Each structure stands twice: as C-alpha cells, then as structure tokens.
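Novice: A predicted structure for the sequence below; I have some questions about it.
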Amino acid sequence: MRDEGNESMTSKDVGWGIHVVDTGFQRDNMAACYVVEDAGEVAIIETGTKDTVPRLFEFFEQQGITPEQVKYVIVTHVHLDHAGGAGLLMQQLPNTTFVVHEKGARHMVDPAKLQAGATAVYGKVEFDRTYGDLVPIDKDVMKIPVDEEVLTLGGRRLTFIDTPGHARHHFCIFDDKSQGFFTGDTFGLAYQELTTRKGPFIIPTTTPVQFDPVALKQSIKRIISYNPQRVFLTHYGMVEQPEVLSEVLLSRVDKYVEIAQKNADNPNRLQGIMEDIMAFFLEELAMHDCVLSKDDIVTALRVDAMLNAQGLDVWLSSLAK
Ligand SMILES: [Zn+2]
C-alpha cells in the first residue's frame, strides 16, 4: 500500500496495515470502517452506508489500491450503520468474498426485512436519505464463518468469534498481526471528543432489538480472554488497554440494567430510561474530567441515549413475556 503521508481528513493510518476510514454516517468520527492490507490483499471491515462507498473508492485511489485486491468485505453485524452499504460496495468489487454472521446472512441476501424494520424506526424520508434502497448480496459470494474459524489475509490470520449480546448476528474479529480485536458494537463505543486525560469514555450500546446483558457480558469477557492489546471500535477508532476498559464497560452494562429495572413500572418508561441514561452519562463524564459543556455532551450522546433506551425498553418487554 502506498503511503504518501498526506492522508485526507477522513482516514487515519493506525499501524499494522490498518486504516480507519470515516463512513460519514451522521457526523464526523461517529462510525468507522477499517481497511486492512497485508501483502497486497485487502479486507474492508464494516461498510457504513451507501454514502460510504464513494469515500472508500476515493481512499483506494489515494492509496493505490485496486478493486481486484479486495479479498474480503466483512460486517461485524447487519445493523445498517455497519452493513447498509455492503450490497452497493460488493456490486463494484469483482473478486471479493462477503463475510457475515450466520444469523445475519439471510438479511443480506434479502434486505426487505431490514429495510422495513429501519423504515419503521426512522420513517421513510429519513430511511431513503440515509440508507436508500439496500442492494441484495448473492449467497454464492458469501462466507459464513463458524465460531473460531480463521481466514487468512496476506500473512495475517483473522479469527472470527461469535459475540452475541448487542445482537445475535454479531461476531468480532481477532487480528494476530496487531493483536487487536475488531469489535463492532460488542465492546461498546467511545467517541473521541469524550476522551480525556483519563482515557476513552467507553459505554455499552444496546440498540434494539436483541440486547441481552448476560450474553453481552460473556462476549466482552471472551474478547478479553484473547489478551488483545487494543480494540478497533466502529464508534470510533482504536483504543488501547482493553482489559482496563472492559471492567468499566461491564459495570456500565450492569448500570444500564439497573436503570431499566428502576423504570420498569414507569408509565413513561422509555422517556424515564432515556433521561436516567443521559444523567448517568453526565455524572460519569464529570468524574472523567470531561471539560465539554453540558450542551456539547448532550449533542454527542443524544442519539445513543435514545437508542439505548429503546433497546432497554424492548429488553424489559421481552422479560415480561
Ligand atoms: Zn453501530
């Protein structure tokens, strides 16, 4: 891979042949994809949405990567900020295998259900604007790894680990060369603007509709059992000392559950959970020595507080059944 030292605003070389490319989803530094290169072979991990595809091709041009070099397009799970652009991207790559979790594959073959689900949440206007028509992917170009299966990319080994909890169709990928894990949403999220001298501010993400706290905590512990030196978060970027972060993350999963349960009988349950989560974020960020104003914090975390509250609300309903 050519590296001319004048990278665009939207990509960053983090080492070990790994670049973070901003998908452009919603705002800068909100959702990443990763381009991994080894001995002339390239893997793209996470695809963002339709609007990410031209960004990726622009990045390839800067780096002198040809579409023929792309061996794998991998999505950690099929939520649309991770996989919405996959079909459109695959259409433009001639030799590429699409790698997806067993439980997500059928939704990529036939995206009608994903499209209907997301349209119900966001409305048709917003769905069309952000995601557009989802392009189906042919089953013949798909690889569905089993738990702990290894795929090689150049000289490196990518190990696929089943990690339910955020979603049942979620795997994470351990990369032996960087000793790092591509964790999608399983290892939570940490926006860079909330990083302080105390480190990244990591929080779980419980987007509807499959949040399962017991499974999520097991998956976080399983990631740590590989002794990774770093994790590559989709939201957003590389963070180090994952073992330290995992302790915080596990305790915050418990805190979310506590907030949900406290609001179980609240007639305004969703609103109550959302307000309690935002209050929790503000309190924790103050202890994290965050110097952003309350308004800036609310702006950074408003969408996540809402999505997390929705996911916890769905989880409470599933317990009641
Ligand atoms: Zn996500």
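Specialist: Perfect, thanks for sending it.
Novice: the helices in the stretch 1-150 of the chain, which residues?
Specialist: 52-63, 80-83, 86-91, 102-109, 112-122, 124-130 (DSSP state H, counting those that start in this stretch).
Novice: and the first one with the ion, contact?
Specialist: No. No part of helix 52-63 sits near the ion under the criterion CB under 5 Å from the ion; the closest distance found is 12.9 Å. In this view, the C-beta of every residue, glycine as well, is placed from N, C-alpha and C.
Novice: who does that helix touch, helix- and strand-wise?
Specialist: strand 18-22, strand 32-38, helix 86-91 (3 or more CB pairs under 8 Å, 6 or more residues apart in numbering; DSSP states H and E).
Novice: neighbouring contacts of the shortest one?
Specialist: Meaning strand 18-22. By CB atoms under 8 Å, 6 or more residues apart in numbering, the surrounding residues in contact with strand 18-22 are 9-14, 28-29, 31-37, 52, 55-56, 59, 63, 175, 178, 180, 232, 236-238.
Novice: ok and the residue in the stretch 101-250 of the chain nearest the ion?
Specialist: Closest residue of the stretch 101-250 of the chain to the ion, CB to the ion: Asp185 (4.6 Å).
Novice: Surely that residue is in contact with Gly165?
Specialist: No. Counting by CB atoms under 8 Å, Asp185 does not reach Gly165; the two are 9.2 Å apart.
Novice: Quick one: neighbours of the closest residue to the ion within the stretch 1-150 of the chain, just the number.
Specialist: At 4.5 Å from the ion, Asp81 is the closest residue in the stretch 1-150 of the chain, using CB to the ion. A total of 22 residues lie near Asp81 under the criterion other CB atoms under 10 Å.
Novice: Okay, it and Gly48: tell me how far apart.
Specialist: 7 Å (CB to CB, to the nearest Å).
Novice: before we move on, the earlier item: quick one: buried ones out of the contacts of strand 18-22?
Specialist: Burial of the contacts of strand 18-22 was assessed by neighbour count (16 or more other CB atoms under 10 Å); the buried members are 10-11, 14, 31-37, 52, 55-56, 59, 63, 175, 178, 180, 232, 236-238.
Novice: what's the distance between His107 and Arg168?
Specialist: Distance of His107 to Arg168, computed by CB to CB: 12 Å.
Novice: Give me the more crowded residue out of the two.
Specialist: Legend: neighbour count by other CB under 10 Å for His107 and Arg168, higher for His107 (21 against 16).
Novice: so what's the more buried one up against?
Specialist: By CB under 8 Å, 6+ apart, His107 lies in contact with 78, 113-114, 169.
Novice: how about 10 Å then?
Specialist: Listed by CB atoms under 10 Å, 6 or more residues apart in numbering, the contact partners of His107 are 78, 83, 100-101, 113-115, 117, 134, 136-137, 169.
Novice: rewinding a little: overlap of the contact sets of His107 and Arg168?
Specialist: His101.
Novice: quick revisit: pretty sure the residue of the stretch 1-150 of the chain closest to the ion contacts Tyr131?
Specialist: Yes. Shown here, Asp81 and Tyr131 form a contact pair, counting by CB atoms under 10 Å, at 9.2 Å.
Novice: ok, and the closest non-adjacent residue to Gly237?
Specialist: Val20 (5.5 Å; CB to CB, 6 or more residues apart in numbering).
Novice: How much space separates that neighbour from Asp13?
Specialist: 8 Å.
Novice: Name the residues contacting each of those two.
Specialist: Common contacts of Val20 and Asp13 (CB under 10 Å, 6+ apart): Val35.
Novice: what is the mean pLDDT for stretch 307-321?
Specialist: Per-residue pLDDT over stretch 307-321 has a mean of 94.
Novice: swap in stretch 132-143?
Specialist: Stretch 132-143 carries an average pLDDT of 96.
Novice: Strands along the chain, start to end?
Specialist: Listed in chain order, the strands found in the chain under DSSP state E are 11-15, 18-22, 32-38, 41-45, 70-74, 97-99, 142-143, 150-153, 156-162, 171-175, 180-184, 230-233, 237-240.
Novice: Return the list of helices and strands in contact with the first one.
Specialist: In this structure, strand 11-15 makes packing contacts with strand 18-22, strand 32-38, helix 52-63, strand 230-233, strand 237-240, judged by 3 or more CB pairs under 10 Å, 6 or more residues apart in numbering; DSSP states H and E.
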